[in-house]
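>>> With the input below, show me the fold.
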Amino acid sequence: MVSGATVSSGGVEMDHNDEQPVPTDAEIRAAASELRETIALKSGELADRLLARPEFGTEDWKRDRDQRDTPEGHRRLAHWHLTKLRIDRAADIDPVGNVLNARGFGASWQQIGAAYGISAEDAAARWERSATAYIERYSGTAIIPARETTTSATETETTEDRPRNRIERSR
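This is a model prediction of the structure:
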């Protein structure tokens, strides 16, 4: 490449010289994916610490893991995702993954809104479509086994088990 040449990357014109490497769009996407993974893991670790959850691999942790598909396990996981949502909000991080997972484990729009600092109605208006699509996509799979529930924009929805957290890798 000629020094000072302009390179188009993802529609963005960037000036580079021979001494600066030009990452490909695929490399940028891979780096962004790695960053999202790192943020999700750290968010989970911080929520674990704030909630005084058992350390990974201990007997208490194994007991909690074995109870994850029970109503109490879903309540604990919803609370964990709500805590992660609060951390993400304070850090100005995109909350969608934690919203979907909090909702998936039974958190109400009221709880999600409170964690994000908005009303239940605003939370439902902002994320209900994405949450519904995610739940419908995975309903009846290992991610979301079927179970009975009720539906309300401001109450806990329990008609089906919710998706297992795609981002929950620290547990």
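>>> wait, R76 sits on D64?
Yes: using C-beta atoms under 8 Å, R76 is in contact with D64, at 6.9 Å. In short, each C-beta sits where N, CA and C put it, glycine included.
>>> what's the pLDDT at D69?
With respect to pLDDT, D69 scores 84.
>>> now it, what's its secondary structure?
Classification of D69 by DSSP: H, G, I helix; E, B strand; the rest coil places it in coil.
>>> Based on its surroundings, how many neighbours for I39?
By the criterion of other C-beta atoms under 10 Å, I39 has 17 neighbours.
>>> Now for it: which residues touch it?
I93 (C-beta atoms under 8 Å, 6 or more residues apart in numbering).
>>> switch to 10 Å and redo it
87-88, 91, 93-94, 97, 167 (C-beta atoms under 10 Å, 6 or more residues apart in numbering).
>>> Which among the residues you listed count as buried?
87-88, 93, 97, 167 (16 or more other C-beta atoms under 10 Å).
>>> Widest-spaced pair of the contacts of I39?
Maximum pairwise distance in the contacts of I39, criterion C-beta to C-beta, is 14.7 Å, between A91 and I167.
>>> SS state for the spatially most central residue of the chain?
Nearest to the geometric centre of the chain sits G97, at 2.3 Å (C-alpha atoms, centre = their mean). For G97, the assignment made with three-state DSSP gives helix.
>>> you'd agree it is up against A40?
Yes: using C-beta atoms under 10 Å, G97 is in contact with A40, at 6.7 Å.
>>> pLDDT averaged over the lengthiest helix in the chain - what is it?
The helix that spans the most residues within the chain, counting by DSSP state H, is helix 25-50. For helix 25-50, mean pLDDT is 94.
>>> quick one: least confident of the buried ones among the contacts of I39?
Among the buried ones among the contacts of I39, I167 has the lowest pLDDT, at 41.
>>> so which of the contacts of I39 would you say is closest to T24?
Checking the contacts of I39 one by one against T24 (C-beta to C-beta), the nearest turns out to be D94, at 23.8 Å.
>>> So A47 is in contact with W80, correct?
Yes: here A47 reaches W80: they are 5.5 Å apart, a contact under C-beta under 10 Å.
>>> Could you check how far Y116 is from E72?
24 Å (C-beta to C-beta, to the nearest Å).
>>> Great, nothing more from me.
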